[in-house]
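Enquirer: here are the coordinates; sequence isn't available:
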């Protein structure tokens with residue numbers, strides 16, 4: 001819906017933010033950044049997925065960065081870095097910097113991700129009334145009853 005639209009004709013939307021960044025990258029040939037800020041539970045992680053998905057599609061989905069690879073990356077990051085909290089059923093407990101590198105024609109040539117775990121101590125000392133990271137419960141769910149007792 002937003003592809004090829006004029007910026008001034010687009011309503012405020014996360015895809016218009018991603019499109020503006022991609023267009024500015026192509027026209028100015030300078031690096032662009034999108035910083036998602038907000039309160040806990042405001043949708044920063046969800047909007048991050050939307051922005052990166054748009055950038056992957058705009059740069060021509062390739063074997064370097066496909067939507068399937070992005071989905072796999074997000075699944076792993078959420079398993080090891082998300083937890084239920086008192087305020088959110090699936091709170092992201094890490095920060096990330098995701099870089100997508102393009103050539104002069106706007107095609108993706110590489111990508112990288114840097115992750116900063118904000119609550120490493122949650123692994124050994126979880127907050128009162130809150131569970132641990134999701135991966136621990138996912139691993140336990142796959143065990144048979146004999147292994148769970150050990």
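Expert: Looks like it came in fine. All values derive from a computational prediction rather than experimental measurement.
Enquirer: can you map out the helices along the chain?
Expert: 14-28, 44-58, 67-81, 134-141, 145-149 (DSSP state H).
Enquirer: Highest mean neighbour count out of the ones you listed?
Expert: Comparing the helices of the chain by mean neighbour count (mean count of other CB atoms under 10 Å), helix 44-58 ranks first with a mean of 18. (C-beta placed from N, C-alpha, C; glycine too.)
Enquirer: rewinding a little: mean pLDDT added to the helices of the chain, as TSV?
Expert: Shown next, in TSV, are those (pLDDT from 0 to 100):
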stretch	mean pLDDT
helix 14-28	92
helix 44-58	92
helix 67-81	90
helix 134-141	85
helix 145-149	79
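Enquirer: can you redo those as JSON lines with distance to residue 104?
Expert: JSON lines is the format used below for these (distance: least, CB to CB, whole Å):
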{"stretch": "helix 14-28", "distance to residue 104": "9"}
{"stretch": "helix 44-58", "distance to residue 104": "15"}
{"stretch": "helix 67-81", "distance to residue 104": "23"}
{"stretch": "helix 134-141", "distance to residue 104": "40"}
{"stretch": "helix 145-149", "distance to residue 104": "54"}
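Enquirer: who wins for proximity to residue 119 among those helices?
Expert: Ranking the helices of the chain by their distance to residue 119 (criterion: CB to CB) puts helix 67-81 first, at 8.7 Å.
Enquirer: Report the angle between that closest one and helix 44-58.
Expert: Orientation check (axes from the mean of the first three to the mean of the last three CA atoms, to 10 degrees): helix 67-81 against helix 44-58 gives 160 degrees.
Enquirer: coming back round to it: can you tell which of the helices of the chain is closest to residue 112?
Expert: helix 67-81 (11.0 Å).
Enquirer: and for the closest one, what are the contacting residues?
Expert: Counting by CB atoms under 8 Å, 6 or more residues apart in numbering, helix 67-81 makes contact with 49, 52-53, 56-57, 61, 90, 92-94, 96, 113, 115, 117, 133-135, 138, all of which sit outside it.
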